[in-house]
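In: give me a 3D structure for the following:
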Amino acid sequence: MRSLTRKTAFGAVGVLAAIGVTGTAWAETGSGSSPTSTPAASTNPTATPSATKPAKHRARGLLERADHANAEIKVKGQWVTYTLDRGTVTAVSPSSITLSRPDGQSVTDSISAQTKFKGVASASAVRVGQPAQIVSDNGAALRVRQKAA
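Out: Here you go, the predicted model:
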């Protein structure tokens, strides 16, 4: 099992809402070999309302701002790693999609008959130059989301 010191536990509801998968979730927040942490919710009664939001809303907000995230979801007793990438579509074909993330990285995932689309009907409807989010498993796009024009 991987070290839990490099991970932050998120409420399953927030992660599931972002990627549409059910199970127990862990999301990696660091990159490279140095551990990172996410501050815990404040218990200070004078804290701002955003600091006292339920965990599912904090997790969803964190994922909505992420350019890249890895989430390990326990599905039927097995840990599966899903990747969330967000950026601008630079290329799309019936078999692949490429995003340019704000951090400068380029990500290409394959598209198959199992890929689900939200906001657009299919790969042919995805618009180059527009923002999109992809949830993938080992380089295979599971879900592609792009707002309709």
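In: when you work out contacts or count neighbours from here on, use the C-alpha atoms and nothing else.
Out: OK.
In: average pLDDT across the top strand by length along the chain?
Out: Looking across the chain with DSSP state E, the single longest strand is strand 78-92. On average, the pLDDT along strand 78-92 is 95.
In: and that strand, which residues are buried?
Out: 79, 81, 82, 83, 84, 85, 86, 87, 88, 89, 90, 92 (16 or more other Cα atoms under 10 Å).
In: that strand: partners in the sheet, and parallel or antiparallel?
Out: Partners of strand 78-92 in the sheet, by DSSP bridges, are strand 68-75 (antiparallel), strand 96-100 (antiparallel), strand 131-137 (antiparallel).
In: check the gap between the closest residue in space to residue 84 that isn't next to it in sequence and residue 72 for me.
Out: Distances taken as Cα to Cα, 6 or more residues apart in numbering put residue 135 closest to residue 84, at 4.6 Å, once the chain neighbours are dropped. Remark: distance between residue 135 and residue 72 (Cα to Cα, to the nearest Å) = 12 Å.
In: looking at these two, which has the bigger crowd around it?
Out: Per other Cα atoms under 10 Å, whichever of residue 135 and residue 72 has more neighbours is residue 135, with 26 against 18.
In: list the contacts of that one.
Out: 19, 82, 83, 84, 85, 141, 142, 143, 144 (Cα atoms under 8 Å, 6 or more residues apart in numbering).
In: of all those, which two lie farthest apart?
Out: 82 and 144 (13.1 Å; Cα to Cα).
In: who does the residue nearest to residue 84 bridge with?
Out: residue 84, residue 143.
In: after the helix or strand hosting residue 107, next one along is what?
Out: Assessed by DSSP states H and E, residue 107 sits inside strand 106-110. Helices and strands here follow DSSP H and E; after strand 106-110, the next one along the chain is strand 116-118.
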